[in-house]
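> The following comprises the amino acid sequence and a computationally predicted model.
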Amino acid sequence: MSLNADSADNAFTFKGGMLPMTVMELSSADPEQIRRQLAGKLSQSPAFFQHTPVVLGVEKLDEPHLALERICAVCRDHKLLPVAVRGGPEPVRQSAWALGLGWFAPVEEGRSRALESVERTDVAPSERVDETPHEAVAVTTRLFRGTVRSGQQVSAAEGDLVVIGAVNAGAEVLAAGSIHVYGALRGRALAGIHGNTHAGIYCRELEAELLSVAGNYKRLEDIDPKLLGLAAQVHFSEEQLEIKLLA
């Protein structure tokens, strides 16, 4: 078989991707306790539970053997679709694979390094005497001119994203850093996708379907109606998203 086969003969192509994913961090392994909390969440925000794919984060649990199949069943009963497990010892990983789920390594170490690099930007230049140009990490900003249309995704994997235009409903913008939209934000905006809690979202007109900073989200129905249609800023503060007018 030729390695240079015509692309028309290919059934698929592998590509690296950066897709937004909701992580359900478990602090209890009791399926019934999870069921009760999900029932409460469903009554508060039914639009979120519409076949949403989730990753089950089990890093906080100190249990080598989880009732993973029962937990997944509880999630599916509430229209959440478990697609992978994050963290846990070898028995958990084996259980995930047996159930047809993916498995991710824990992210605490990588997240700590990311936050440390963010905090280092606050150090005065005179205090960076040990830093050489080769050790400095370049943070790039991606500039997108025009409208991000429905079904389109625009991302900045390493820095901030600036959109000189609008983000339509059904569109998605993502950034490792902050997101700046010089127009209406009607789609989904996910800042700090690698865990940067210092990231923010800024827009001229807030109508977002979903806002997220470092995995902490709010949907349109959770936003104060008094802020809709106005210039706003979004930050992570005191373990929740804070949305206020952009002065």
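Received, thanks.

> Looking at strand pairing, list the partners for the residue lying closest to Ser155 once chain neighbours are set aside.
Distances taken as Cβ to Cβ, 6 or more residues apart in numbering place Leu174 nearest to Ser155, at 4.2 Å, with adjacent residues excluded. For the C-beta atoms, the positions are set from N, CA and C on the backbone; glycine is no exception. Residues in a beta bridge with Leu174, per DSSP bridges, are Ser155, Leu190.

> For Leu241, name its beta-bridge partners.
Phe236.

> about what we covered before: the residue nearest to Ser155 contacts Leu161, doesn't it?
Yes - here Leu174 lies in contact with Leu161, judged by Cβ atoms under 8 Å, at a distance of 7.3 Å.

> Give me the common contacts of these two.
Here Leu174 and Leu161 have Val154, Ser155 as joint contacts, going by Cβ atoms under 8 Å, 6 or more residues apart in numbering.

> mind listing what's buried in the longest helix along the chain?
In the chain, with assignment by DSSP state H, the single longest helix is helix 31-44. Of all the residues in helix 31-44, those buried under the rule 16 or more other Cβ atoms under 10 Å are Pro31, Ile34, Arg35, Leu38.

> Adding pLDDT and distance to Asp77, write those out as CSV.
Shown next, in CSV, are those (pLDDT from 0 to 100; distance: Cβ to Cβ, whole Å):
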residue, pLDDT, distance to Asp77
Pro31, 93, 10
Ile34, 94, 10
Arg35, 93, 7
Leu38, 89, 8
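
> before we move on, the earlier item: more neighbours: which of Leu174 and Leu161?
Leu161 (26 against 21; other Cβ atoms under 10 Å).

> mind checking pLDDT for that one?
Leu161 is assigned 95 on the pLDDT scale.
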